[in-house]
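In: mind looking at a prediction? Sequence and model below.
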Amino acid sequence: MLQRTIGDTRVSAIGLGAMNLSMGERAPAEPAAIAVIHAALEAGVTLVDTADAYAPGPDVGHNERLVAKALATFGGDTSGVLVATKGGHTRSADGSWGLDGSAEYLRRACEASLKALGTEAIGLYQHHRPDPGIPYEETLGALRDLRDAGKIRMVGISNADPDRIRMAQRILGPGGLAAVQNEYSPRFRTSQGELDLCGEQGIAFLPWAPLGGLRDAGELGSRHAAFARIAEQRGASPQQVCLAWQLAQGDHVIPIPGSSRAATVLASLQAVDLVLSAEELRTLDEDDRP
C-alpha cells in the first residue's frame with residue numbers, strides 16, 4: 001500500500017473515514033460496521049478518521065467506540081494504525097449540531113475521547129470547526145496544552161482557512177501542526193489554497209468528503225463529465241479517478257473517503273495504483289463545473 005506521512009507517522013495514502021458507519025440512513029448495524037473496518041485494515045489501511053460527534057443523535061462518542069471495538073477485535077497487528085479523532089462539535093438531546101471551541105470544553109472532550117478510544121494518548125487530535133464565539137487563539141492554546149500534557153501526540157485542525165493555519169503554526173510551534181482536514185472534491189475546490197499552503201509547509205492535507213459527500217458520491221460521474229470520460233478510458237470508476245486525481249495534488253494529500261460497505265472501501269483503495277497522465281490531470285483540473 002502506498003504510504004504518506006502525517007507528522008512523524010507513516011500512514012496509508014488513502015484512509016478510512018468512519019463517519020458513515022455511525023450516521024445516516026444507510027449506517028450499518030454494529031457487526032457489519034466492524035466488518036467494514038476490518039476489511040480496510042486487512043487491505044492495508046493504517047489511518048482511520050473519526051470524531052466524537054459522529055453519532056446517531058446525541059450518542060456522543062459512538063463512532064469512536066465503534067472504531068476502538070473494531071481495532072480490539074481485529075486478528076492482525078494494529079500497532080501501526082493511526083486513529084484520528086476530533087473535538088469541538090457538540091450534539092444536543094435532539095441530535096442537532098453546535099460548536100464549543102473553549103479550552104474547558106476541549107479538555108473535557110479530549111478526556112471523553114480518550115475513554116471512548118480506550119487509549120492513553122490520541123494519535124491525531126483535530127479541532128473540528130472554528131467556533132465564532134471563542135477566540136481561535138484560545139482553541140489552539142488548548143490543543144497545545146493537551147499535546148504538552150501527553151494527552152495527544154499530534155495536533156490537527158479542520159475547516160480552517162490560511163490565516164488560521166498560519167496562526168496554528170505560530171501557537172503550536174515549529175512542526176506542531178501535523179494536519180489540516182478540509183472539504184475538497186471535484187464539486188468543492190474552495191480549499192485549493194489551503195491544500196497548496198499545506199504542501200509548502202509540510203503539513204498533511206486530509207480532504208473530507210473527497211467524493212462529494214454521502215449523497216453526491218454516487219453521482220460524481222454524471223456531475224463531472226471529465227471524470228466519467230477518463231474513467232471509461234482507463235477502465236476505472238469515476239470515484240477511483242477522483243481519488244487518484246487528489247493523490248496527484250501532492251505527496252501531502254491523504255483522502256479519507258467514507259464507506260458503509262467493505263466492497264466500496266476496497267474499490268477506493270485501488271485508486272493508489274491509478275497513475276494519471278499530465279494531460280489527464282489538466283483535463284480534470286479544468287472540470288470544475290457540473
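Out: Good, I have the coordinates. Numbering: from 1, shown residues only.
In: which residues of the stretch 101-250 of the chain fall in strands?
Out: Counting by DSSP state E, counting those that start in this stretch, the stretch 101-250 of the chain has strands at residues 122-127, 152-158, 177-181, 204-205.
In: which residues does the last one contact?
Out: Applying CB atoms under 8 Å, 6 or more residues apart in numbering, the contact partners of strand 204-205 are 4-7, 156, 178-182, 184, 194-195, 198-199, 250, 252-254. Glycine gets a C-beta too; all of them are placed from N, C-alpha and C.
In: helices of this structure, start to end?
Out: Secondary structure of the chain, counting by DSSP state H: helices at 30-42, 62-73, 103-117, 136-148, 162-172, 192-201, 220-223, 225-234, 238-247, 262-269, 278-286.
In: let's have those helices in JSON lines, adding mean pLDDT and mean neighbour count.
Out: Output for the helices of the chain, formatted as JSON lines (pLDDT from 0 to 100; neighbours: other CB atoms under 10 Å):
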{"stretch": "helix 30-42", "mean pLDDT": "98", "mean neighbour count": "18"}
{"stretch": "helix 62-73", "mean pLDDT": "98", "mean neighbour count": "20"}
{"stretch": "helix 103-117", "mean pLDDT": "98", "mean neighbour count": "18"}
{"stretch": "helix 136-148", "mean pLDDT": "98", "mean neighbour count": "19"}
{"stretch": "helix 162-172", "mean pLDDT": "98", "mean neighbour count": "17"}
{"stretch": "helix 192-201", "mean pLDDT": "98", "mean neighbour count": "16"}
{"stretch": "helix 220-223", "mean pLDDT": "93", "mean neighbour count": "17"}
{"stretch": "helix 225-234", "mean pLDDT": "97", "mean neighbour count": "18"}
{"stretch": "helix 238-247", "mean pLDDT": "98", "mean neighbour count": "25"}
{"stretch": "helix 262-269", "mean pLDDT": "97", "mean neighbour count": "19"}
{"stretch": "helix 278-286", "mean pLDDT": "96", "mean neighbour count": "14"}
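In: and those helices as CSV, adding distance to Ala93?
Out: Conversion of these to CSV gives the following (distance: least, CB to CB, whole Å):
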stretch, distance to Ala93
helix 30-42, 23
helix 62-73, 15
helix 103-117, 17
helix 136-148, 25
helix 162-172, 30
helix 192-201, 34
helix 220-223, 36
helix 225-234, 41
helix 238-247, 36
helix 262-269, 32
helix 278-286, 44
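In: what's near enough to touch Gly176?
Out: Gly176 makes contact with Arg144, Arg147, Val155, Ala168, Gln169, according to CB under 8 Å, 6+ apart.
In: confidence score at it?
Out: In the predicted model, Gly176 carries a pLDDT score of 98.
In: now swap in the one 3 residues further on and tell me
Out: Here, the pLDDT recorded for Ala179 equals 98.
In: wait, it sits on Ile6?
Out: Yes: Ala179 sits in contact with Ile6 when judged by CB atoms under 8 Å, with a separation of 5.3 Å.
In: ok, now which ones touch Glu30?
Out: Taking CB under 8 Å, 6+ apart as the contact definition, Glu30 lies against Leu66, Lys69.
In: how much space separates it from Val45?
Out: When distances are taken as CB to CB, to the nearest Å, Glu30 and Val45 turn out to be 19 Å apart.
In: go on, Ala271?
Out: Applying CB to CB, one obtains 13 Å for the distance of Ala271 from Val45.
In: need the residues touching each of the two.
Out: What both Ala271 and Val45 touch, as defined by CB under 8 Å, 6+ apart, is the set Ile14.
In: can you tell me how far the closest residue to Gly250 other than its chain neighbours sits from Leu281?
Out: Counting by CB to CB, 6 or more residues apart in numbering, Gly199 is the residue found nearest to Gly250 once chain neighbours are left out, at 4.4 Å. As for Gly199, its distance to Leu281 is 15 Å (criterion: CB to CB).
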